[in-house]
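Novice: Sharing a model prediction with you, sequence too.
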Amino acid sequence: MIVAAKILFWLSVGAVTFAYLGYPLFIGVCSRLFARVRQLPEQADAFRPAVSVMVSALNEEVTIGQRVENHLAQDYPADLLDIVIASDGSTDRTASIVRGYAEKHPERVRLFDYPVRRGKASVLNESIGQLKAEIVVLSDANTFFEPEAVSRLVRWFADPTVGAVCGKLVLVDPKSGKNVDSLYWRYENFLKACEGRLGALLGSNGAIYAIRRDAYQPIPADTIIDDFMIPLLIRLRRGQRIVYDTAAIANEETPADVAAEFKRRVRIGAGGFQSIARLWPLLSPQYGWTSVAFLCHKVLRWFCPAFLLVAFIANLVLLGEPVYRLLMAGQVMFYSLALIGGYTPGQQLPVRLLRLTTLFTSMNAALALGFWRWIAGKQRGTWQRTNR
């Protein structure tokens, strides 16, 4: 039993360490050694297909008008760009605000007003099926594009092997408007850039990405994380590439409500486990770097709560040995610091470093809760907007 506990302990610790530290080093080195040159296709800047920018909205009366204005201001030919707002059973003034813009700009703004709330997946399936533009740009109601964002996304589609393009999301302070990308967010963007260079980009950020309309694969109505499923289904079923363009930029305010952000992470966790069940063929070696990234960046990361639990229980069994008593003390100290970090105010470097323990712990707690919500069938495809 002692030998088994030691094996389980070190395997679990090794899996967590590799998921968060080893994999970034591995993918960083591989992206330099084996990077595929991703040059823009010829005539990319002159490529100007018809584009529909679509936003699914639920009770977004505070920001939806600004969102429409933001799209109207895009540096893209006005006669080739239309804005589609799909209201998923909104009970506030969202639909009436958009309807006002549609009356003012009948050739450029359209409203799909669905009276009954069904969830984003159903809204996307029905709405995209009604579009005729060659390229569909998908975004959120609380996200704002830089003026050239659509143009930068669209130019990649001059290459017929490209099926989806993901832009870069920049988080800003709602008070100052300054870039406040956290260390963790920069860490994730680093992984995305490395995977992009290897042709192994995993999904997109729902705030800013584009797809070929005819490549869209309808997703199940109960889909939880649509921005992960949609591009990877294109990769799986059409064999087309997913590109990451850091020059296509969108800005979004950081969440003001910590509880709401935790709830969002639980939802993402549930969606992650759901997506494994639906996208598991991508784990096949035939998908090359995509299978490596899917396994190491996503699957392994999503199972880290289980590894952490196994490591803790195995450590309890091994308390008879001094080195494992020391390791248990380290675990208890780490989780204690995580608790303290959640209640410590300030933005000084020591405080921000302390909060990394809080972020790590809360993320894994959210993943664990997400797993149980998914396995119990309690996480639905409908979503609640996050207060910003």
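Specialist: Looks like it came in fine.

Novice: Find the centremost residue of this protein, please.
Specialist: Most central in the chain under CA atoms, centre = their mean is Asn205, positioned 4.1 Å from the mean C-alpha point.

Novice: Show the pLDDT at that one.
Specialist: With respect to pLDDT, Asn205 has a value of 86.

Novice: Can you report how many residues lie near Ala376?
Specialist: Residues contacting Ala376 under the criterion other CB atoms under 10 Å number 9. C-beta coordinates here come from the backbone N, C-alpha and C atoms, glycine included.

Novice: State the distance from it to Leu369.
Specialist: For Ala376, the distance to Leu369 under the criterion CB to CB, to the nearest Å works out to 11 Å.

Novice: again with Leu72
Specialist: 40 Å.

Novice: now Leu80
Specialist: With CB to CB as the criterion, Leu80 and Leu369 are 44 Å apart.

Novice: So which of the two has more stuff around it?
Specialist: Taking Leu80 and Leu369 together and counting by other CB under 10 Å, Leu369 has the greater number of neighbours (19 against 16).

Novice: List the buried residues in the helix or strand hosting Leu353.
Specialist: Assigned by DSSP states H and E, Leu353 falls within helix 349-375. For helix 349-375, burial by neighbour count (16 or more other CB atoms under 10 Å) applies to 354-355, 357-371, 373-374.

Novice: name the helices or strands packed onto it?
Specialist: Helix 349-375 sits against helix 183-197, helix 258-279, helix 304-317, helix 322-341, with contacts defined as 3 or more CB pairs under 8 Å, 6 or more residues apart in numbering; DSSP states H and E.

Novice: Would you mind checking the average pLDDT for the first one?
Specialist: The average pLDDT within helix 183-197 is 90.

Novice: repeat for the last one
Specialist: Helix 322-341 comes out with an average pLDDT of 95.

Novice: Next: the third one.
Specialist: Mean pLDDT, helix 304-317: 97.

Novice: Need the CA coordinates for it. PDB is fine.
Specialist: The C-alpha atoms that make up helix 304-317 are tabulated as PDB, following Å, rounded to 0.1, in the frame of the first residue of the first chain:
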ATOM      1  CA  CYS A 304      -5.700  18.400 -12.500                       C
ATOM      2  CA  PRO A 305      -8.300  18.700  -9.700                       C
ATOM      3  CA  ALA A 306      -8.400  14.800  -9.600                       C
ATOM      4  CA  PHE A 307      -4.600  14.700  -9.600                       C
ATOM      5  CA  LEU A 308      -4.400  17.200  -6.700                       C
ATOM      6  CA  LEU A 309      -7.000  15.200  -4.700                       C
ATOM      7  CA  VAL A 310      -5.100  12.000  -5.300                       C
ATOM      8  CA  ALA A 311      -1.800  13.600  -4.300                       C
ATOM      9  CA  PHE A 312      -3.400  14.900  -1.100                       C
ATOM     10  CA  ILE A 313      -4.900  11.600  -0.100                       C
ATOM     11  CA  ALA A 314      -1.700   9.700  -1.000                       C
ATOM     12  CA  ASN A 315       0.200  12.100   1.100                       C
ATOM     13  CA  LEU A 316      -2.000  11.400   4.100                       C
ATOM     14  CA  VAL A 317      -1.200   7.700   3.800                       C
END
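
Novice: Tell me how many other residues crowd the residue lying closest to Leu40 once chain neighbours are set aside.
Specialist: Across the structure, with CB to CB, 6 or more residues apart in numbering as the measure, the residue nearest Leu40 apart from its sequence neighbours is Arg155 (6.0 Å). Each residue near Arg155 was counted by other CB under 10 Å, and the total is 22.

Novice: Arg155 against Arg48, yeah?
Specialist: No: the pair Arg155 and Arg48 does not pass the contact test of CB atoms under 8 Å, sitting 9.2 Å apart.

Novice: residue contacts, the residue lying closest to Cys194 once chain neighbours are set aside?
Specialist: Counting by CB to CB, 6+ apart, the nearest residue to Cys194 once its immediate chain neighbours are dropped is Ser31, at 3.9 Å. The neighbours of Ser31, taking CB atoms under 8 Å, 6 or more residues apart in numbering as the test, are 193-195, 197-198.
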